[in-house]
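Participant: only geometry, no sequence info:
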């Protein structure tokens, strides 16, 4: 029987691409966060794009990690699944992402939002 060969988990493109996309999204969210902090320091409006981008990036990154690790992603030792509720909380609290999108459509794009009553 040949010896067991250790292969890095990220050797296949099926794992590399979702993780690389998540890394890119997190870097973009980090950049937007720094921009929002600068705007806040100068008493200018900020935050809506930051919250939307960061929460979406967090949920997608955790989802990609769970997909990469398979069933092991749910094991307490890895700590991946423990982050999932916090990411979803960030996506829905204080203001959920759909309300942020509504604000952007209404205020930034100056579109009228129709609400059926």
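Facilitator: Received it, and whenever you're ready, just let me know what you need. The model shown is predicted, which means the values in this text are computed figures rather than measured ones.
Participant: Now do the same contact list for residue 103.
Facilitator: Contact partners of residue 103, counting by Cβ atoms under 8 Å, 6 or more residues apart in numbering, are residue 48. Where you see a C-beta, it was placed from the backbone N, CA and C, and this is true even at glycine.
Participant: which secondary structure element contains the closest residue to residue 57 other than its chain neighbours?
Facilitator: Ranked by Cβ to Cβ, 6 or more residues apart in numbering and with sequence neighbours excluded, the top spatial neighbour of residue 57 is residue 25, at 3.9 Å. Assessed by DSSP states H and E, residue 25 sits inside helix 13-41.
Participant: which helices and strands does that helix pack with?
Facilitator: helix 48-69 (3 or more Cβ pairs under 8 Å, 6 or more residues apart in numbering; DSSP states H and E).
Participant: which residues make contact with whatever helix or strand comes next after the helix it packs on from outside it?
Facilitator: On the C-terminal side of helix 48-69, the nearest following helix or strand under DSSP H and E is helix 84-92. Contacts with helix 84-92, where a contact means Cβ under 8 Å, 6+ apart, come from 51, 54, 55, 56, 58, 59, 62, 66, 97.
Participant: how many neighbours does the closest residue to the third one other than its chain neighbours have?
Facilitator: Meaning residue 55. Leaving aside its sequence neighbours, residue 55 sits nearest to residue 91 (Cβ to Cβ, 6+ apart; 4.1 Å). The number of residues packed near residue 91 is 17, by other Cβ atoms under 10 Å.
Participant: Having no further points to raise, I will conclude here.
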